[in-house]
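Colleague: Next input, structure requested:
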Amino acid sequence: MKRFDLKTREELEAELARIGAALPWSDDLSPLGQPLVLAGRRLANRFVVQPMEGVDACDDGGTPGELTFRRYRRYAAGGSALIWFESAAVVPEGRSGPRQLMLTDRNLAVWQRLVEETRRAAREAGCGDVTLLLQLTHSGRYSRPQGKPAPVTAQRNPFLEQAMPEMPVSEPISDEALDRLLDAFVATAKRAERAGFDGVDMKAVHGYLVAELLGARRREGRYGGSYEHRTRFLKACIEAMRQTLARNTWVASRLTVLEPSAYPYGWGVAEREGSCQADLAEPLRLIGELTARGVPLHNISMGYPRFQPHLNRPHDRALAGCPPPPEDPLRGVVRFQETVCAVRRAAQGAPVITAALSWLRHLTPQVAAGLIREGWCDLVGFGRSAFAYPDAPHDIVRQGKMIPDKCCITCSMCSQIMKDVVGQSGCVIRDSAIYAPEYRRGREAASKCFTA
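Modeller: Presented below is the predicted three-dimensional model:
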């Protein structure tokens, strides 16, 4: 596997030629600074902060803590026009850990202050208005509300059960419980609107509950089996939110296009018994249907990051206990961009966000500008990179570059903190005074669990 050591366009193009691939490139970075008018709102540029969990709620009720406030103030001051807030669980039992955020009637005032301070930080940095979306979630089979596995599943899935032996097997959630969960999503969306957010989305990626329903061919009842049944919960939630929220409040899409469990358990896989080969016919169909239902913006991902991180976050260093990436990380970068391009063609004019560019480090701006210029995507999302380098948009627009010593190095340590379910997550390398101790705390706790 080749680790990142590229310095120039020529070196990148040589590596692309070596693997038989290509990516757009633009020395003119102006596409990244072009405004975009979208569903009644004006985005000042094409930069998006992706929803990355900081797992830093200050109590067991999911209330944003001081590190939450710090993180979003830094994002806002860094120049991104759209900040997609991390996942907030809509029910206590759907939390990925005891420090996952929740938006409740009890802590609504704190969320209102978080939104106000985020907007103020953007204005004080000269960024003007910033658009804020909140991601809503149920963690499904990853649920650990008290720190111990308490999975809620859409169906039995031998692939995932084998990949995560630490998670006990549970009976699939009932249709009646899903009906109640739909109400919880809508109620939390309404609170988000009251808190001052410009919109919401449902987390339908990475094997979480809503994503798992999309591939639930072996599930019986109203939410499994046929394509229409498997997509019913997502569509019903979106429709209920649109009917409940103000017309100018976005209900956006954060959607997986590939959950590569072997057929018939996966989503976006070829319909052959045991196949994990990608076939995006159903995901692209759903993208078009969501646009037709009024979804203004699509933010896609793929894979199961806990054990297939090469699909959505190409990296140099794997999570502890995971094998090295099975492919050159550059292949993962290219695959993701090609997939986003296909999604954009299916999106019927709705803008599409790309991601998975962090591995390119300081070469990201020119590739990102090329992607926009050549119509592969409309906006560029930073996830891990936003942890490490929240002011990258400012440096790109004002200096015409990303500074190598500020870039994410794709070391996976921020993800390791989340996986260890103990520390609060951020960049261990670029923000080490705060997050290096959090990383060590999580690793020590994991070591004790392993040796117990």
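Colleague: burial of the spatially closest residue to L23 that is not a sequence neighbour, as a residue count?
Modeller: Nearest residue to L23, sequence neighbours excluded (CB to CB, 6 or more residues apart in numbering): V367, at 5.5 Å. The C-beta positions use only the backbone N, C-alpha and C, and glycine is treated the same way. Burial of V367 is recorded as 21 neighbouring residues (other CB atoms under 10 Å).
Colleague: Pull the helix or strand where V367 lies out as CSV, backbone CA atoms only.
Modeller: Secondary-structure assignment from DSSP states H and E places V367 in helix 364-373. C-alpha atoms of helix 364-373 as CSV (Å, rounded to 0.1, in the frame of the first residue of the first chain):
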residue,chain,number,x,y,z
THR,A,364,-7.2,19.0,-2.3
PRO,A,365,-8.1,22.6,-3.4
GLN,A,366,-7.1,22.1,-7.0
VAL,A,367,-8.8,18.7,-7.3
ALA,A,368,-12.0,20.0,-5.6
ALA,A,369,-12.1,23.1,-7.9
GLY,A,370,-11.7,20.8,-10.8
LEU,A,371,-14.5,18.5,-9.6
ILE,A,372,-16.9,21.5,-9.4
ARG,A,373,-15.7,23.1,-12.7
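Colleague: got a list of contacts for that helix?
Modeller: Here helix 364-373 makes contact (CB atoms under 8 Å, 6 or more residues apart in numbering) with 9, 12, 23-32, 34, 46, 337, 340, 354, 357-358, 360, 377-380, 385, 396, 400-402, 407.
Colleague: give me that answer again for 6 Å
Modeller: 23-26, 29, 31-32, 357, 360, 377, 380, 396, 402 (CB atoms under 6 Å, 6 or more residues apart in numbering).
Colleague: So P351 versus G426, what's the distance?
Modeller: 28 Å (CB to CB, to the nearest Å).
Colleague: for A76, same thing?
Modeller: 16 Å.
Colleague: Was I right to think L379 contacts V48?
Modeller: Yes. Contact criterion CB atoms under 6 Å: L379 and V48 qualify, at 5.1 Å.
Colleague: Find residues that contact each of these two.
Modeller: Common contact partners of L379 and V48 (CB under 6 Å, 6+ apart): I353.
Colleague: contacting residues for the residue nearest in space to the middle of the chain?
Modeller: Among the residues of the chain, the one closest to the centroid is P51, at 4.9 Å (CA atoms, centre = their mean). Residues near P51 by CB under 6 Å, 6+ apart: 84, 86, 135.
Colleague: okay, the residues you listed in JSON lines with secondary structure next?
Modeller: What follows is the contacts of P51, written out as JSON lines (DSSP: H, G, I helix; E, B strand; the rest coil):
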{"residue": "W84", "secondary structure": "strand"}
{"residue": "E86", "secondary structure": "strand"}
{"residue": "Q135", "secondary structure": "strand"}
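Colleague: Quick check: of those, which has the highest neighbour count?
Modeller: W84 (26 neighbours).
Colleague: For that residue, which residues are in contact?
Modeller: 50-51, 133.
Colleague: Show the backbone phi and psi for the residue nearest to the centre of the chain.
Modeller: With angles defined as degrees, to the nearest 10, P51 sits at phi -80, psi 100.
Colleague: For it, give its distance to R99.
Modeller: 16 Å.
Colleague: again with R41
Modeller: The value you get for R41 to R99, if CB to CB is used, is 31 Å.
Colleague: How about T153?
Modeller: 23 Å.
Colleague: Equivalent analysis for G370, please.
Modeller: 39 Å.
Colleague: Which one's more surrounded, these two?
Modeller: Remark: of G370 and R99, R99 carries more neighbours, 24 against 19, as counted by other CB under 10 Å.
Colleague: so who does that one touch?
Modeller: Remark: with contacts taken as CB under 6 Å, 6+ apart, R99 is in contact with 55, 57.
Colleague: Relative to V257, how far out is it?
Modeller: 29 Å.
Colleague: what's the nearest residue to Y389 if we skip its chain neighbours?
Modeller: For Y389, ignoring the flanking residues on the chain, the nearest one in space by CB to CB, 6+ apart is K406 at 4.7 Å.
Colleague: Could you report the neighbour count for that neighbour?
Modeller: 17.
Colleague: Surely G321 is within a strand?
Modeller: No. Counting by three-state DSSP, G321 is not found in a strand; it is coil.
Colleague: Report how many residues lie close to it.
Modeller: 10.
Colleague: Model confidence for it, exactly?
Modeller: If you check G321, the pLDDT there is 81.
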